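Asks: 3D model of this:
(chains A, B, C and D)
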Number of protein chains: 2
Amino acid sequence: MRKRRPTIIDVAERAGVSKSTAARALAGAESILGETRERVLAAAKAVGYERNHLAVGMRSGRSGMLGLVIPDITNPFWADVARGAQDRAAEADVSLLVFSSDWDPAKEESHLRALRRARVDGAIVNPVSDALDDLDRFGLPFVLIGSSAERFADVSSVGSDITQAVEIGLDHLVAKGHHAPTLIVGPKSRLARTRFLNAVQRHSIKRDVDPGQLVIEDGEYTLEGGRQAMLRLLDRPHVGHTCVFAANDMMAIGAMMAVRERGLRCPEDVSILGFDGIPSGAFTFPGLTTIAKPGRDIGTRAVESLFDEIEGRPEHGRVYMPCRLIDRASLADLSREPRKMAG
Amino acid sequence: MRKRRPTIIDVAERAGVSKSTAARALAGAESILGETRERVLAAAKAVGYERNHLAVGMRSGRSGMLGLVIPDITNPFWADVARGAQDRAAEADVSLLVFSSDWDPAKEESHLRALRRARVDGAIVNPVSDALDDLDRFGLPFVLIGSSAERFADVSSVGSDITQAVEIGLDHLVAKGHHAPTLIVGPKSRLARTRFLNAVQRHSIKRDVDPGQLVIEDGEYTLEGGRQAMLRLLDRPHVGHTCVFAANDMMAIGAMMAVRERGLRCPEDVSILGFDGIPSGAFTFPGLTTIAKPGRDIGTRAVESLFDEIEGRPEHGRVYMPCRLIDRASLADLSREPRKMAG
DNA sequence: GGCTCTCATGGGAACGTTACCACGCGTTAC
DNA sequence: GTAACGCGTGGTAACGTTCCCATGAGAGCC
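Replies: Now for the predicted structure:
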C-alpha cells in the first residue's frame, strides 16, 4: 500500500529535462538557466521529492551522519552533551546516531561497529575501553570527550577544564569567608580523583594554605558514597568541618543528607560545594551551590572538532571548556560575620 | 591518508570466489559449500570487511535506522524514553537517529524531513504540531508517543496509563489516611489537564467522595507554576490543605518550596504527591512521593510497535503502559493517628 | 550413454545519486 | 566565413550491495 518514493528521475521527467539537469538544479548549481531551475524545483515540489541520503552517501562517500557514544543518555550530564552535539549537527544538516555504552567495553565495541557499518562520517566517543584502536585502524575520524579521553594521546578531544573549575570554586569559597575546605573525592582507582586533588592542591598553595592540612575523605561517586564519606568525616574527633567540597554533585547531595541525619544544618553548620551542575541540585534543600560542567558546550565543540577532523584539518589537541559557578544556598556567607567557625 | 574501506569485492578476490558467492557466504545462505563459506569468512576477517549499510539500504530499501523525535533529550522523562527505544533498537541491530524538537513545530517538521531524507525505516514521534500528515502522506511507518498522541486517531501510539496512575495514587492516599486531595493541575488550555482531572473525578466517585468538593488550583507545568499555585492555595481562607496531588513533579517540588516558604512543614503540615517520577524527586527534602511514568518501557514498546508497523502488521491501537508508585517521604502517614487534620 | 535434474557458483542488473565527458548551439574574434 | 570558445544540457559510469538468471559439472535415471 505504501507508495514508491519519488526519485530524481520522476522530477526530471515531470520537468521535461534529463536527470543530470534536475540534479544540478536541485543542487543549486550556477550553470543553469533560471527558467529551467524554476521548472525543476516546481516539479520536485509537485511530486514531493525528497533527496535520498542513502544514495547520496553511497555516491559521495559522505553519509551525512555522525555517531555519538556516551555512557548513558539518562545521565543529565551526558544528555546535555548529546543535546549540544545534536543542535550543532542539526545546524550543519547532519544527523546524529546516539548510543549508550553503560561503561561496558563490550557494548561500546558493538556500538562502534554499528557506527562503522552505518558509514557515519565521524564519531564522538567517551571511551571506556581501548577498542578505540579499531576506529583509528579504519581511519574513521573521531573526537573523544570527557575526562577519560586523556588516556589517548594524539587524538582530538574535548573535556571540561577542571583546573579552572576548582579555581573558581576555591575563589568562591574564600570570597564567602571559608578557608581550606574538607574534600570528598572519588575512590583511589579513579584517574579523576587524582586530577581533582592535584588541582585543589595547586590552588591551595597559591592561596598560601598548606596542602598537607587538607582533610580528605573518599567514597564511590554516588549519593551513598557521599553520604558515607560525610558520616565518617563527622565521626572524626577534633575536626570541625565547616565547609566541604565534593568532587561530584551526587556525593555532595549525599553529604547534605548525612549532615541532616546527624542533626546538623546546611549551610549553618556545614557548607557544601558540589561539582557537576546536575539539575537536581536546584531541588535539594538548601539548593546546592556547585560548579557546572559545560555539558552542552562540550557537545557542541566536539561536533565542531569532528568537522575539522573530517575536513582533514585535524588539530589533534585537547580542548578544555570552562566551567561556571552556580550559586545557590548550600554555602554559608561567613564574610560578614566576625568568626569563622560555627559553635 | 585515509584507507579505502574494503568492499565485498575485496573479500571475494581474496577468497578466490565471485562477489555473489561472497555475498551469499556472508549472508549465511544454505546453498553454499562449507569449505567455501569458511574461506570467505576468513577473507572477510582478514581484510577487516564491514558491510556497508548505505549500500544495503539502497538495494533493499531498508536503511536499518529508526528516527526518534522527542521534545528534549535533556528532560529526564524523554531521556528515559530515548534510552528504552535505544536499547530495544540495538537489540534488533538497528540504529536510532535522535532529535529534539523543543516543542517547536518548525523544528519538528525540519527533523521529520531529515528523517525522511535519511530514509529511516520508521519513526517514533511525540507530536507537537499537525505536520504528521506529511509522514502519513509519504507512507513512512510511525508510532506516536506521549499524551499528545491522542489527538491522532487511527495511528499506533504508546503512552502512560494515567487512569491507572491516578488510581494507584489515590489508593495510596487513602491507605495513608488521607481523603480528597487538593489538586494542582496544568493550565486550562492543555489537554493533559482535562484527562488528569477526569481520572481523578472518576476515581473520587468510586470512593464515594463528591468530585464537586475537590479543591482545584492551576498553573504552568513548571516549578514556579507549582509554587505560585500552592501559594494561592495557602492564601485561601478557611481551607486546610492537608494533602495536595500535583499533576507533575516539577509543580509538586514547587509546591513543596511554597509550603516551606510559608513556614509550614512537609509532610507534617501538608503532604504532597507528585506525578512523573523525575530523578530529582529523590533529592528533595523530604523525598518526593510520586507516581512514576514508565518512560523506558514506553520507549521500548514504541520500538516494538514500530517494528509491527514496518512489517506491515499494524495494530493501530493505543497502548497504555502502567505507572508505578515511588513511596518516599512527602506523604504523612495519618492511618495510625486518630485525627485527620493537622492543627 | 544420453537425458534431465540438482546444486554450487558466476555474471549482470538494479537501487538513486553525482561526476565527468561529450554534444550542440550561439556568440565572438580573426 | 570559419575556428575557437562558452554555456546549457544530455548520456553514462560508478558507488557497494543483493537478487535473479544463467552456466557448468556431476549425479541419477531410463
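
Asks: for residue A:111, give me its contacts.
Replies: Residue A:111 sits next to A:67, A:69, A:99, A:101, B:90 when contact means Cβ atoms under 8 Å, 6 or more residues apart in numbering or on different chains. In this view, the C-beta of every residue, glycine as well, is placed from N, C-alpha and C.

Asks: adding pLDDT and neighbour count, write these out as a markdown table.
Replies: Converted to a markdown table, these look like this (pLDDT from 0 to 100; neighbours: other Cβ atoms under 10 Å in any protein chain shown):
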| residue | pLDDT | neighbour count |
| --- | --- | --- |
| A:67 | 97 | 25 |
| A:69 | 96 | 24 |
| A:99 | 97 | 26 |
| A:101 | 94 | 22 |
| B:90 | 95 | 18 |
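
Asks: so of these, which ones are in helices?
Replies: Using DSSP state H, the subset of the contacts of residue A:111 located in helices is residue B:90.

Asks: distance to DNA strand D added to the contacts of residue A:111, as JSON lines?
Replies: Formatted as JSON lines, the contacts of residue A:111 follow (distance: Cβ to the nearest atom of the strand, whole Å):
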{"residue": "A:67", "distance to DNA strand D": "18"}
{"residue": "A:69", "distance to DNA strand D": "22"}
{"residue": "A:99", "distance to DNA strand D": "21"}
{"residue": "A:101", "distance to DNA strand D": "25"}
{"residue": "B:90", "distance to DNA strand D": "20"}
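
Asks: now the two most distant members of the contacts of residue A:111.
Replies: Within those, two members stand farthest from each other by Cβ to Cβ: A:67 and B:90, at 12.9 Å.

Asks: list the residues that contact both of these two?
Replies: A:99, A:111.

Asks: out of the contacts of residue A:111, who's nearest DNA strand C?
Replies: The closest of the contacts of residue A:111 to DNA strand C turns out to be residue A:67 (Cβ to the nearest atom of the strand; 22.1 Å).

Asks: ok, what's across the strand from that closest one?
Replies: Under DSSP bridges, the beta-bridge partners of residue A:67 are residue A:97, residue A:123.

Asks: now do the phi/psi pair for residue A:206.
Replies: Per-residue torsions, residue A:206: phi -60, psi -30 (degrees, to the nearest 10).

Asks: number of residues surrounding residue A:97?
Replies: Residues within reach of residue A:97, counting by other Cβ atoms under 10 Å in any protein chain shown, total 22.

Asks: so how far is stretch A:108-117 off the chain centroid?
Replies: 20 Å (Cα atoms, centre = their mean, to the nearest Å).

Asks: state the distance from residue A:81 to residue A:25.
Replies: Between residue A:81 and residue A:25 the distance is 39 Å, computed by Cβ to Cβ, to the nearest Å.

Asks: try residue A:223
Replies: For residue A:223 relative to residue A:25 (Cβ to Cβ), the value is 59 Å.

Asks: cool, residue A:60 as well?
Replies: 18 Å.

Asks: more crowded one of these two?
Replies: More crowded of residue A:60 and residue A:25, by other Cβ under 10 Å: residue A:25, with 24 against 10.

Asks: not counting its neighbours along the chain, what's nearest the more buried one?
Replies: residue A:40 (3.7 Å; Cβ to Cβ, 6 or more residues apart in numbering or on different chains).

Asks: what count of nearby residues applies to that neighbour?
Replies: Neighbour tally, residue A:40, other Cβ under 10 Å: 25.

Asks: before we move on, what about the one 5 residues further on?
Replies: Residues lying near residue A:45 (other Cβ under 10 Å) number 10.

Asks: next SSE downstream of the helix or strand harbouring it?
Replies: In this structure, residue A:45 is located in helix A:34-47 according to DSSP states H and E. Toward the C-terminus, helix A:34-47 is succeeded by helix A:53-60 as the next helix or strand (DSSP H and E).

Asks: what angle do helix B:53-60 and that following helix make with each other?
Replies: Orientation check (axes from the mean of the first three to the mean of the last three Cα atoms, to 10 degrees): helix A:53-60 against helix B:53-60 gives 120 degrees.

Asks: may I have helix A:53-60 exported as CSV, CA atoms only?
Replies: Provided in CSV are the C-alpha atoms of helix A:53-60 (Å, rounded to 0.1, in the frame of the first residue of the first chain):
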residue,chain,number,x,y,z
HIS,A,53,20.6,10.4,1.6
LEU,A,54,21.5,6.8,1.3
ALA,A,55,22.2,7.1,-2.4
VAL,A,56,24.0,10.4,-1.9
GLY,A,57,26.1,8.8,0.8
MET,A,58,26.9,5.9,-1.4
ARG,A,59,27.9,8.0,-4.3
SER,A,60,29.8,10.7,-2.4
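
Asks: packing partners for that helix?
Replies: helix B:53-60 (3 or more Cβ pairs under 8 Å, 6 or more residues apart in numbering or on different chains; DSSP states H and E).

Asks: can you point out the buried residues in the helix it packs on?
Replies: Neighbour counts over helix B:53-60 (16 or more other Cβ atoms under 10 Å in any protein chain shown) mark B:53, B:54, B:55, B:57, B:58 as buried.

Asks: okay then, goodbye and thanks.
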